[in-house]
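# below: sequence and its predicted model.
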Amino acid sequence: MGYRLNHQPDHVASTAATILVVRRRSGEQGPRLPESCRPSNLDAALAIQAAVSEQLGDGIAAWKCGLPAAGRLVLAPIYASTVHTSAPCAVWVRAGQARVEPELAFILGRDLPVRDLPYTPAEVDAAIARTHLALELIDSRYSDAADASFAENLADSLLNQGLFIGRQVDAGPASAASDMTITITHATGEATQLEGHHPSADPRAPLYWLAEFLRSKGRGLQTGQAVITGSYAGSFDLPAGEDIAIQYGDLGTLTVHFVQK
């Protein structure tokens with residue numbers, strides 16, 4: 001893949017990727033990567049991430065991203081077989097719970113291909129065809145992701161196991177939605193409210209960064225891909241086996257029902 005950097009030998013990245021791919025396919029979690037193939041920096045982590053994509057052979061249907069911070073890059077591919085648009089949604093369930101993050105998904109209506117010139121925010125805006133309510137589906141290939149370094153978690157796609165895309169919403173209010181109340185209503189009628197705030201304030205800002213980062217590394221974004229840019233309310237667990245409604249402020253409501261993969 002074009003954003004692979006050469007600070008880690010290919011065979012080392014391949015060895016680490018094989019471990020992660022086996023766990024992705026089986027749903028089994030395990031210890032940190034062996035020290036012999038454990039990434040020590042972001043370049044090595046991205047090389048492993050790219051090798052995972054190559055070994056899986058699954059198309060990249062979406063991306064997760066966030067604005068970079070000191071010593072951290074936030075980007076990871078989301079694979080076609082793990083993107084869901086209707087319930088029931090099959091995921092790896094842990095102790096009867098599915099872990100999620102409430103986000104907006106920006107769906108591209110045109111390619112943003114590799115080129116010499118940087119992309120402007122206006123060009124990226126013009127490429128967005130639709131905006132949808134979404135849930136990032138969270139799971140780690142490590143038994144204890146908190147014990148792993150940031151680079152190890154980046155190599156493992158930053159705890160992503162997929163994406164649930166809900167209803168389309170009005171792009172105007174969504175693009176300006178820096179704050180919103182997230183209301184979770186269970187089948188019992190019990191409701192919980194979370195005061196949501198987008199980590200970048202501007203929910204499209206990480207997409208602008210992603211388009212430019214991928215372009216600079218010889219990659220582009222493609223028509224039909226979805227991009228999520230940060231959770232409005234961190235990560236939380238939802239029970240499998242019941243209908244759950246999540247209201248995103250005044251934008252609309254997403255309904256989901258999780259089952260064990």
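On my side now, so go ahead. Residues are numbered from 1 along each chain as shown.

# and the helices in the stretch 151-261 of the chain, which stretches?
Assignment of helices within the stretch 151-261 of the chain using DSSP state H, counting those that start in this stretch yields the ranges 171-175, 205-216.

# Phe106 against Leu133, yeah?
No - counting by C-beta atoms under 8 Å, Phe106 does not reach Leu133; the two are 11.6 Å apart. Yep, even glycine has a C-beta here, placed from its N, CA and C like the rest.

# looking at those two, which is more packed in?
Taking other C-beta atoms under 10 Å, Phe106 and Leu133 do not tie; Phe106 has more neighbours (28 against 23).

# if we can go back for a sec, if you compare the helices of the stretch 151-261 of the chain, which one is most tucked away?
By mean neighbour count, with neighbours taken as mean count of other C-beta atoms under 10 Å, helix 205-216 ranks first of these at a mean of 21.

# which other residues reach that helix?
Helix 205-216 has contacts (C-beta atoms under 8 Å, 6 or more residues apart in numbering) with 2-3, 63, 65-68, 73-75, 106, 112, 114-115, 118-119, 121, 124, 128, 200, 220-221, 227, 229-230.

# returning to what we had before: can you redo the helices of the stretch 151-261 of the chain as a markdown table with mean pLDDT and distance to Thr82?
A markdown table is the format used below for the helices of the stretch 151-261 of the chain (pLDDT from 0 to 100; distance: least, C-beta to C-beta, whole Å):
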| stretch | mean pLDDT | distance to Thr82 |
| --- | --- | --- |
| helix 171-175 | 96 | 23 |
| helix 205-216 | 97 | 19 |
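
# how about those, which one is nearest His257?
Among those, the nearest to His257 by C-beta to C-beta is helix 171-175 (23.9 Å).

# output the contacting helices and strands for the closest one.
Judged by 3 or more C-beta pairs under 8 Å, 6 or more residues apart in numbering; DSSP states H and E, helix 171-175 is in contact with strand 128-138.

# quick one on the thing from earlier: just the contacts of helix 205-216: which are in helices?
The members of the contacts of helix 205-216 that map onto helices under DSSP state H are 121, 124.

# pull out the buried members of the contacts of helix 205-216.
Buried residues within these, counting neighbours by 16 or more other C-beta atoms under 10 Å: 3, 63, 65-67, 73-75, 106, 112, 119, 124, 128, 200, 221, 227, 229-230.

# so which residues of this protein form strands?
60-69, 72-79, 83-84, 89-91, 97-108, 128-138, 160-169, 179-185, 191-197, 226-228, 236-239, 243-248, 252-260 (DSSP state E).

# circling back to that earlier point, between the helices of the stretch 151-261 of the chain, which one is nearest to Ala17?
helix 205-216 (19.5 Å).

# the closest one versus strand 97-108: what angle between them?
70 degrees (axes from the mean of the first three to the mean of the last three C-alpha atoms, to 10 degrees).

# for helix 205-216, C-alpha coordinates in PDB please.
What follows is helix 205-216, C-alpha atoms only, in PDB (Å, rounded to 0.1, in the frame of the first residue of the first chain):
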ATOM      1  CA  ALA A 205     -11.400  18.800   9.800                       C
ATOM      2  CA  PRO A 206      -9.900  15.300  10.300                       C
ATOM      3  CA  LEU A 207     -11.200  14.400   6.800                       C
ATOM      4  CA  TYR A 208      -9.300  17.300   5.300                       C
ATOM      5  CA  TRP A 209      -6.200  16.100   7.100                       C
ATOM      6  CA  LEU A 210      -6.700  12.500   6.000                       C
ATOM      7  CA  ALA A 211      -7.100  13.400   2.300                       C
ATOM      8  CA  GLU A 212      -3.900  15.400   2.400                       C
ATOM      9  CA  PHE A 213      -2.000  12.800   4.400                       C
ATOM     10  CA  LEU A 214      -2.900  10.000   2.000                       C
ATOM     11  CA  ARG A 215      -2.200  12.100  -1.000                       C
ATOM     12  CA  SER A 216       1.300  12.900   0.400                       C
END
